[in-house]
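J.: Need a 3D model of the sequence below.
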Amino acid sequence: QVQLVESGGGLVQPGGSLRLSCAASGSIFSINSMDWYRQAPGKQQRELVARSTADGTTEYPDSMKGRFTISRDNAQNTIYLQMNGLKPEDTAVYYCYADVKHSRQLAFVPYWGQGTRVTVSS
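T.: Numbers count the residues shown, from 1 in each chain. The predicted structure follows:
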């Protein structure tokens with residue numbers, strides 16, 4: 001089993017910054033994709049904010065480019081999300097996601113964290 005623990009959320013004023021962290025622990029052989037998603041209040045779908053892969057590639061949907069930066073520490077199985085110029089519409093619960101292999105022979109298994117709430121308000 002694998003646990004993903006997010007931290008760093010909170011209340012921030014418009015234009016402010018936050019840095020989220022997500023640490024994976026447990027039975028981990030390797031991690032492929034490790035991503036940030038968010039779910040805004042009243043919305044049923046989670047949307048991708050940023051993606052990182054084990055080889056260092058990062059991807060952002062067009063709507064997220066410019067203000068969000070994902071980084072990754074493979075040795076610590078940790079990702080970060082630096083969020084700058086926050087807007088009220090960035091208010092959401094931010095979730096960490098990881099594709100994890102428990103051993104060389106097994107397939108990747110998806111895991112989600114519990115989420116960390118970000119509120120952007122004056």
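J.: ok but residue 75 is inside a strand, no?
T.: No: the assignment for residue 75 (DSSP: H, G, I helix; E, B strand; the rest coil) gives helix, which keeps it out of a strand.
J.: On the pLDDT front, check the residue nearest the centre of the chain for me.
T.: The centroid of the chain falls nearest to residue 36 when counting by Cα atoms, centre = their mean (2.4 Å). We note a pLDDT of 98 for residue 36 in this prediction.
J.: If you drop the residues flanking it in sequence, what lies closest to it?
T.: The shortest distance from residue 36 to any non-neighbouring residue, by Cβ to Cβ, 6 or more residues apart in numbering, is to residue 49 (4.2 Å). C-betas here are computed from N, CA, C, even on glycine.
J.: sorry, back to before: sheet-wise, list the partners of the helix or strand harbouring the residue nearest to the centre of the chain with their directions.
T.: Secondary structure from DSSP states H and E places residue 36 in strand 30-39. Each strand paired with strand 30-39, and its direction, by DSSP bridges: strand 47-52 (antiparallel), strand 92-101 (antiparallel).
J.: Please identify the residue most distant from the middle of this structure.
T.: Residue of the chain lying farthest from the centroid, by Cα atoms, centre = their mean: residue 105 (26.5 Å).
J.: so is that one in a helix, a strand, or just coil?
T.: coil.
J.: how close does it get to residue 30?
T.: 12 Å (Cβ to Cβ, to the nearest Å).
J.: same thing with residue 115?
T.: Distance, residue 115 to residue 30, using Cβ to Cβ: 24 Å.
J.: Can you pick out the residue with more neighbours from the two?
T.: Each of residue 115 and residue 30 has its neighbours counted (other Cβ atoms under 10 Å); residue 115 has more, 18 against 14.
J.: beta partners for the residue nearest to that one when sequence neighbours are not counted?
T.: Excluding its sequence neighbours, the residue lying closest to residue 115 (Cβ to Cβ, 6+ apart) is residue 93, at 4.1 Å. Using DSSP bridges, the beta-bridge partners of residue 93 come out as residue 39, residue 117.
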